[in-house]
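Enquirer: For reference, the sequence and a predicted model appear below.
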Amino acid sequence: MILDSVKTKLAKYGQEHLLMYFDELSESEKTALLDQIDNLDMSCLEENSLSKDTGEIAPIEIMELKEITEKSDEFKKVGLSIIKEGKAAALMLAGGMGTRLGSDSAKGKFDIGVTKELFIFECQMNNLMDVVNEAGAWIHLFIMTSDKNNDETIEFFKEKNYFGYNPEFVHFFVQEKSPTTDKNGKILLEDKGVVSTSPNGNGGWLISLRKSGLDSIIEKNNIEWINVFAVDNVLQKMCDPVFIGATVMANCSMGSKVVRKTDPNERVGVMCLEDGRPSIVEYYDLSDEMRYAKNDKGEYEYYFGVILNYIFKYDALCKVDKCEMPFHVVEKAITCLDENGVSTKSDKPNGYKYETLVLDMIKSMDSCLPFEVVREREFAPIKNRYGTDSVDTARELLKQNGIKI
Ligand code: UTP
C-alpha cells in the first residue's frame with residue numbers, strides 16, 4: 001500500500017529514480033526508505049516555492065541608542081513585568097551545521113575558553129540566567145536542534161546540569177528536513193536506501209515547533225512573545241526587558257535588534273521596508289545604489305544590520321503558516337551516490353540544499369521595531385575558527401565585556 005502512495009508522490013515531483021535500487025534492499029531497508037520518502041516534505045521542489053524578486057524598497061525608521069537610553073527605565077519596567085508574568089519565552093536556533101567552524105559536533109558544544117572551559121551553550125545560558133535573576137522568574141527556553149545534533153545536545157545539557165538552569169523550563173525539538181538535489185533538481189541518494197537531506201533552514205523553527213507539539217506549552221502558559229536568537233552570538237542578550245518593553249510600547253508585532261554597520265560593505269542583512277512592510281535585504285542582494293544611498297542629513301539610509309535576535313508576538317505569527325515561507329537555494333558539496341551507485345564525497349558544490357530563513361517571517365508581520373544595540377556589547381558571532389566573526393574575535397569581545405574566559 002505504502003509503495004503505491006510513495007510511487008504516486010514521486011511521480012508528482014518527477015523523482016521516480018529514488019527507487020532505482022529498491023530491489024537490492026533488504027525488507028527492513030525497503031520499509032525505512034518508503035517511510036522516509038512518505039514523510040519527507042518535498043514542497044521545496046514545487047514551482048513558486050522559491051524566493052521571489054524583491055518588491056519596492058524604502059528606508060525604515062530605526063529606534064536609535066539615544067532614544068533608547070532616554071526611555072530605558074520606562075521600557076525596562078514594562079519588559080520586566082511581561083517576563084514576571086511568564087509571557088515571554090526564548091527560542092534558540094541550534095539546528096545549523098556549523099560548517100564554517102569546522103566542528104563535527106553541535107556548535108553550542110564548542111569550548112571557547114582560554115584559561116577555563118567556556119562552552120557556547122554555557123554563554124547563552126549565563127546570559128539568559130542574568131534576566132531570570134533580574135526578573136525573579138524562570139523563562140521557558142525552546143532549543144531547536146537538528147536530527148544530526150539532537151541527541152548529543154540533550155546529553156550535553158544533562159551532563160552539564162543545564163548550566164544551572166531549571167530543566168523544567170528547557171524544551172528541545174528537532175528541526176524538519178528538506179531533500180538535497182543535484183543541479184537539475186533531482187533528489188540525491190545518500191545510500192541505496194537513504195535519501196539525502198539537510199536541515200530546512202532557520203525559518204523552519206515555527207513549523208518544526210508545531211510539529212513537535214511543544215507549541216502547547218506556549219498556549220497553556222499564555223506566552224505572548226517569543227524571542228528567537230542564534231546560538232552562535234556569545235554576547236546575545238535574549239529576553240532583554242528593555243527590548244521587549246520598547247516593542248510592546250511601540251505597539252509593534254515584532255522587534256529586531258540591529259547594529260550600526262561598520263562600513264557600507266559589511267556582510268550583514270539590513271532592515272528596510274519592502275512594499276511598505278518590514279523587511280530585510282541580505283548583504284548579497286544589496287545593490288550598490290542601496291549600499292551607498294544617503295538621506296538629507298547625509299547619513300546612510302540602509303545602515304542597520306540584523307544580528308538574528310527577533311521578538312515576535314505569538315498571535316501575529318499565526319498568520320505565517322498561511323503565508324508560504326519561500327525556499328532559498330544554496331549550493332553545497334553533497335556526499336551522494338554517483339551514477340555507479342558508489343558513495344562519493346565531493347569537494348566542490350555539486351548540488352543544492354533548500355532553506356527557509358527566519359528573515360522571511362518578518363515580511364509577513366505588519367510592523368517591526370528595529371532596535372539599535374551597542375555592537376561591542378551584544379554582537380560576538382562565531383562563524384569561523386579564525387579571522388572575521390571567529391572564535392578569536394568573540395574571545396576578545398568577551399574579555400572587553402568583563403567575562404572571564
Ligand atoms: P548560519 O546561517 O550561520 O549557519 O546559522 P550555521 O549552520 O550555524 O553555520 P554554517 O553556515 O554551516 O557555517 C545562523 C543560526 O541559525 C541556526 C544556526 O544554528 C545558527 O544559530 N540554523 C541554521 C538552524 O537552526 N537551522 C538551520 O537549518 C540553519
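Expert: In hand now; what should we look at?
Enquirer: Pull up the distance across stretch 54-62, start to finish.
Expert: 21 Å (Cα to Cα, to the nearest Å).
Enquirer: Residue 124 reaches residue 91, doesn't it?
Expert: No: with contact defined as Cβ atoms under 8 Å, residue 124 does not reach residue 91; the gap is 11.5 Å. The C-beta positions use only the backbone N, C-alpha and C, and glycine is treated the same way.
Enquirer: Get me the contact residues on this protein for the ligand.
Expert: Residues of the chain lying close to the ligand (Cβ under 6 Å from any ligand atom) are 93-100, 107, 144, 175, 199, 201-202, 230-232, 308, 355, 383.
Enquirer: Looking at those residues, which are in strands?
Expert: 93, 144, 199, 230, 308, 355 (DSSP state E).
Enquirer: okay, those in JSON lines with neighbour count and pLDDT next?
Expert: Formatted as JSON lines, these follow (neighbours: other Cβ atoms under 10 Å; pLDDT from 0 to 100):
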{"residue": "93", "neighbour count": "22", "pLDDT": "97"}
{"residue": "144", "neighbour count": "29", "pLDDT": "98"}
{"residue": "199", "neighbour count": "23", "pLDDT": "90"}
{"residue": "230", "neighbour count": "21", "pLDDT": "97"}
{"residue": "308", "neighbour count": "21", "pLDDT": "97"}
{"residue": "355", "neighbour count": "22", "pLDDT": "92"}
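Enquirer: Would you mind listing the two of those that lie farthest apart?
Expert: The distance between the two most remote of these (Cβ to Cβ) is 15.5 Å, for 199 and 308.
Enquirer: Which pLDDT value goes with the residue lying closest to residue 44 once chain neighbours are set aside?
Expert: Nearest residue to residue 44, sequence neighbours excluded (Cβ to Cβ, 6 or more residues apart in numbering): residue 354, at 3.7 Å. At residue 354, the model reports a pLDDT of 94.
Enquirer: which residues does residue 354 contact?
Expert: 44, 178-181, 200-201, 327-330 (Cβ atoms under 8 Å, 6 or more residues apart in numbering).
Enquirer: Put the buried members of those residues into a ChimeraX selection.
Expert: One line in ChimeraX is enough to select the buried ones among the contacts of residue 354; burial here means 16 or more other Cβ atoms under 10 Å:
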select :44,178,179,180,181,200,201,327,328,329
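Enquirer: Could you point out the member of the contacts of residue 354 that lies closest to residue 397?
Expert: For these, the nearest to residue 397 is residue 201 (26.8 Å; Cβ to Cβ).
Enquirer: Backbone dihedrals for the closest one, both of them.
Expert: Backbone geometry at residue 201, expressed as degrees, to the nearest 10, gives phi 90, psi 160.
Enquirer: So in the protein, which helix runs the longest?
Expert: Identified as the longest helix of the chain according to DSSP state H is helix 65-84.
Enquirer: Which residue is the nearest non-sequential neighbour of the residue of the stretch 51-200 of the chain found nearest the ligand?
Expert: In the stretch 51-200 of the chain, the residue that lies nearest the ligand is residue 96 (2.3 Å; Cβ to the nearest ligand atom). Spatially, and ignoring its direct neighbours in sequence, residue 96 is nearest to residue 107 (6.5 Å; Cβ to Cβ, 6+ apart).
Enquirer: List the contacts of that neighbour.
Expert: With Cβ under 8 Å, 6+ apart, residue 107 has these contacts: 94, 96, 98, 101, 120, 231-232, 382.
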